[in-house]
Structures are given as structure tokens and as C-alpha cells.
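>>> build me a model:
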Amino acid sequence: MEHAETLQELYKHLNLYVNYFQPVMILREKHLIGAKAIRKYDTAQTPYQRILKSDSVSDEVKDSIRAIYKMLNPAELKRKINECQAS
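Coordinates of the predicted model:
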């Protein structure tokens, strides 16, 4: 049971770290020219930034994720992730 609890804690911290602080480039277009693939990506943004820019998300949800973001410390999250991985 100890390993399951460690994994749950790891994923809790990892989820916050990735969704709020890790930018991602999303593939917008892909064209094949012969055997060569041409890919075009959008600007790198975190999932948090994408939600804030989205028109389909309500203001209440945006306010709640802003409140979560204000309480987060990326360095502390990273330390907790490293501790969980080491144990």
C-alpha cells in the first residue's frame, strides 16, 4: 500500500506542475510532401494559459483556477516531485 500512496502523491504534484507550469506546443497543421512531413505548431503555452484564453470556459472556473495558481510555488512542487521519485 505504501507504493500506491507514494504514486498518488507524486501524481497530485505532477498534475499541478505540468498543467500550470509546463508549456506545450500543439500541432496545428501537418502536410506530407512526398516522404517529408511538414509540421506547423502554435506558440507554446501551458494548459492553464489555454483555459484562460478559452471562450468556452466559464468565468467561475477561470477564477477558481486563478486562485489555485496563486497558491502554487513551482520550485516547491518540483522538490516534492523529486522526493516522491526518490522514495
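>>> C-alpha only now, for contacts and for neighbours.
Fine.
>>> pLDDT score for the most far-flung residue of the chain relative to its centre?
Residue farthest from the centre of the chain, counting by C-alpha atoms, centre = their mean, is Gly34 at 34.6 Å. pLDDT for Gly34: 92.
>>> now do Met1
Model confidence at Met1 (pLDDT) stands at 56.
>>> buried set for the longest helix along the chain?
Longest helix in the chain, counting residues (DSSP state H): helix 2-21. Buried residues in helix 2-21, counted by 16 or more other C-alpha atoms under 10 Å: Leu10, His13, Leu14, Leu16, Tyr17, Asn19, Tyr20, Phe21.
>>> residue boundaries of the strands in this protein?
27-33, 36-41 (DSSP state E).
>>> and the last one, what does it pack onto?
If I follow you right, that is strand 36-41. strand 27-33 (3 or more C-alpha pairs under 8 Å, 6 or more residues apart in numbering; DSSP states H and E).
>>> same for the strand it packs on, what does it pack against?
strand 36-41.
>>> Ser87 versus Ala4, what's the distance?
Applying C-alpha to C-alpha, to the nearest Å, the value for Ala4 to Ser87 is 12 Å.
>>> whoops, Ala37 was the one
Counting by C-alpha to C-alpha - Ala37 and Ser87 are separated by 42 Å.
>>> look at Thr6 and report its pLDDT.
89.
>>> that older thread, mind putting the buried residues of helix 2-21 into CSV with distance to Glu83?
Formatted as CSV, the buried residues of helix 2-21 follow (distance: C-alpha to C-alpha, whole Å):
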residue, distance to Glu83
Leu10, 9
His13, 11
Leu14, 12
Leu16, 16
Tyr17, 14
Asn19, 19
Tyr20, 20
Phe21, 19
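>>> neighbours of Glu29, how many?
Neighbours of Glu29 under the rule other C-alpha atoms under 10 Å: 10.
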